[in-house]
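S.K.: got a predicted structure plus its sequence, pasted below:
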Amino acid sequence: MGAWLEEGRVELRRAAVWFGHVLDDGRIEPIERDVDVLTEHVLQIGGCPPLPFSMSERAIESGLFSRQEYYSLLKQVATRLASHAIRTSIPEDWEVVRAIDCLDELTRCLNVLGEKRREVEETGALAEEVPCWMEHITMSVDTLSRERSLLIEGVERAVRRCAPNTAEVATSLIGARLIAEAGGLRELAMLPASSIQVLGAKRALFRHLRGRAPSPKHGVLYSHPALARAPRKMRGKIARLLASRIAIAARLDYFRGTLDEEFVSDFREKLKERGIEL
């Protein structure tokens, strides 16, 4: 580093360090000793190495920090920066994949508890005495049901945020399941429409490959409102239309990340031409 002359006066250059700036003449310009402020400072200057130790010694010898204060604050800032790096490196669709896993586990728990509760209630009705602890089981089932509803709402919000076109074409929950089945939004965007059409139908597909069953026409898409409203003989065509549009929607979401209203409107018009309204 060196000084430079401009309009008759000397301007000192400043080198950014995590706790402020160091001037050419060796003076230090510290910034506020707040972890949030320091973390934001490092992010704004694009990151800077806290080492070599010669810099730490200079800061300590100048009386700006005690040795304990310097390393304690540095540890906190480094931890915040590591957390920020992890948050920014995780793709948005990660939340969708993990939430669908949780939703499936919660649904399985509810099904098992519900089945056991019915068994106990039926047995208790025959014996004319329902166990006193059944009330706690019923409360647990009700609580889990409410949590499941809240989780579904959270999944739908997450999909609309990270994959708005897929959510509009496939519906939010089906879009989330397709992303989870594919392993992520990027993986879904790379799949051909024919593969998207049968996502979630692994067992039926394996039976078909072994020659034990016909080829599946749809997987997760089976619960799409358009298929539910379509005549049975048209369901194959509607499933192919859905899959082709979802393939495009996933690519729009992955490469652009914004809602294409014209594309969604055209999709709805295609369904109307086939007598299906969403």
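M.R.: Nice, I can see it.
S.K.: which stretches of this structure form strands?
M.R.: Taking DSSP state E, the strands of the chain run over residues 4-6, 9-11, 14-17, 20-23, 28-30.
S.K.: pick out the shakiest of the ones you listed, pLDDT-wise.
M.R.: Ranked by mean pLDDT, those bottom out at strand 4-6, with a mean of 40.
S.K.: quick one: neighbours of Val42, just the number.
M.R.: Neighbourhood size, Val42 [other Cβ atoms under 10 Å]: 20. C-beta here means a position set from N, CA and C on the backbone, and glycine is covered the same way.
S.K.: actually Tyr254, not the one I wrote
M.R.: 21.
S.K.: can you offset everything so residue one is 419?
M.R.: Yes, from this point I'll number from 419; that puts the last item at Tyr672.
S.K.: ok, it touching Ala607?
M.R.: Yes. Using Cβ atoms under 8 Å, Tyr672 is in contact with Ala607, at 4.0 Å.
S.K.: nearest spatial neighbour of the residue nearest the centre of the chain, skipping sequence neighbours?
M.R.: In the chain, the centroid-proximal residue (Cα atoms, centre = their mean) is Glu513; its distance is 2.6 Å. Using Cβ to Cβ, 6 or more residues apart in numbering and skipping the chain neighbours, the partner closest in space to Glu513 is Ala576 (4.9 Å).
S.K.: would you mind measuring from the one you found to Glu533?
M.R.: Computed as Cβ to Cβ, to the nearest Å, the Ala576 to Glu533 distance reads 30 Å.
S.K.: who has more neighbours, the two?
M.R.: Taking other Cβ under 10 Å, Ala576 and Glu533 do not tie; Ala576 has more neighbours (23 against 10).
S.K.: so what's the more buried one up against?
M.R.: Glu510, Glu513, Val514, Ala517, Ala594 (Cβ atoms under 8 Å, 6 or more residues apart in numbering).
S.K.: quick one: which of those is nearest to Glu571?
M.R.: Ala517 (10.6 Å; Cβ to Cβ).
S.K.: run a quick neighbour tally on the nearest residue to the closest one once chain neighbours are set aside.
M.R.: Setting aside the residues directly before and after it, Ala517 is nearest to Val573 in space (Cβ to Cβ, 6+ apart), at 4.7 Å. Counted by other Cβ under 10 Å, the residues lying close to Val573 total 23.
S.K.: next, the contact list for Val573, please.
M.R.: Contacts of Val573 by Cβ under 8 Å, 6+ apart are Val514, Ala517, Ile518, Leu521, Ser590, Leu591, Ala594.
S.K.: now do the helices in the stretch 569-696 of the chain.
M.R.: 582-588, 590-600, 603-608, 611-615, 620-627, 643-647, 653-673, 679-691 (DSSP state H, counting those that start in this stretch).
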